[in-house]
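Colleague: Need a 3D model of the sequence below.
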Amino acid sequence: MIKKMIYVAVFFLPVILSAQYNRPGSTSAQFLKMGVSARAMGMGEAFVSVTKSAEAVYYNPAALARITGTVIGFSHNKWFAGINHEFASLAHNFGDIGTLALSMTTLYTDEMDVRTPLQPEGTGETFFATNYRVGASYSRFLTDRVTFGGTLNYINISLYDNFSESAYAADISLLYQTGFRDFAFGMKIANFGSEIKFVYESYPLPTNFSFGLSGNVIESGQQKILVGFDAIKMNDSKPKCQIGAEWNYGNQFFLRAGYKFFYDVSDYSFGGGLNLKLINYRMSFDYAYGNFGLLGGSHIFGIGLAF
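Modeller: Model (predicted):
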């Protein structure tokens, strides 16, 4: 099994990096590309093989098998132009049965005025544009080091009044943990599903294949430095990659930084986090800033609870 995974990784990574077609605007539901974790954004979202908590439902469902007990995650992303992005997830490990999780992601705008050519100052009506995704995930061990996972998603896009469409999609992933310095690699196919049709035009979802590597390059006393690298190929753009690092002191204090390559707008990001243990509970607080050039910056806040 492990040898097969390595062969697949060696085969697909050159394919990802060599595919060069670029088709912007050819897919719908672009909010599916937005990350859901402050920790991930702080590391430039080089997170396919790093994720290990509730946010794994998005980055790599296979990692859910490695959680213990129950984990809950929330995040709020204050985007530019009055756009907000929210995420919530609940996962529980049922032992030999595997791990099950539920999640929800929403993207919504501020209240906007309805304007027409005859009433450019507004008709007195207002509206919101809203996108949301509801997912159910499952993960289990294939071997003592290899885990498998998947997520089934229901996606809805509502632009105005009854102008709403929906779709279904699936994510499939694998994760291999070596047991040495947290070195791991993971693979994921995301947003494989039906098209979204508005009026007479249908558009596919932003399907993508991701491959990631990560590990602790430094382990000294209470300090660790984790480095991650991801390569991504989407069906509407050229290959992209991202790299990130996390400084960990005593598994309590964290500083992070990352950079995205070959993206049109976004590039660097940074952030930090704090983990606390309260009786039988573990709580995490994370923040990250992502730069989007002339568009401005994105601030994402995350809270996690494990018990």
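
Colleague: okay, and the helix or strand of this protein with the least pLDDT?
Modeller: With mean pLDDT, DSSP states H and E as the measure, the helix or strand of the chain carrying the lowest mean pLDDT is helix 2-18 (a mean of 48).

Colleague: how would you label the residue of the chain most remote from its centre: helix, strand or coil?
Modeller: With Cα atoms, centre = their mean as the measure, the chain has its most outlying C-alpha, relative to the mean C-alpha position, at L118: 42.3 Å. When the structure is reduced to helix, strand and coil (DSSP: H, G, I helix; E, B strand; the rest coil), L118 reads as coil.

Colleague: can you pull the contacts of it?
Modeller: Applying Cβ atoms under 8 Å, 6 or more residues apart in numbering, one finds that L118 lies in contact with no residue. Where C-beta positions appear, they are placed from N, C-alpha and C, glycine not excepted.

Colleague: next structured bit after the least confident helix or strand of the chain?
Modeller: helix 38-42 (DSSP states H and E).

Colleague: what element comes up after that next one heading to the C-terminus?
Modeller: Counting by DSSP H and E, the element after helix 38-42 in chain order, helix or strand, is helix 56-59.

Colleague: List of residues touching that next one?
Modeller: The set of residues that contact helix 56-59 without belonging to it, under Cβ under 8 Å, 6+ apart, is 35-37, 40, 47-48, 50-51, 62-64, 67, 87, 89, 91, 101, 103, 105, 135, 137, 139, 149, 151, 188.

Colleague: Looking at it now, give me its mean pLDDT.
Modeller: Helix 56-59 shows an average pLDDT of 97 in the prediction.

Colleague: try stretch 262-280
Modeller: When the per-residue pLDDT values of stretch 262-280 are averaged, the result is 92.

Colleague: How about stretch 107-115?
Modeller: Per-residue pLDDT values over stretch 107-115 give a mean of 79.

Colleague: Can you point out the buried residues in it?
Modeller: For stretch 107-115, the neighbour count (16 or more other Cβ atoms under 10 Å) marks 107-109 as buried.

Colleague: now do stretch 28-43
Modeller: Counting neighbours by 16+ other Cβ under 10 Å, one finds that the buried residues in stretch 28-43 are 28-29, 31-32, 34-43.

Colleague: Using the three-state scheme, assign D236.
Modeller: coil.

Colleague: for the nearest residue to K78 once chain neighbours are set aside, which residues make a bridge with it?
Modeller: Distances taken as Cβ to Cβ, 6 or more residues apart in numbering place H299 nearest to K78, at 4.6 Å, with adjacent residues excluded. Here H299 sits in beta bridges with K78, Y289, as judged by DSSP bridges.
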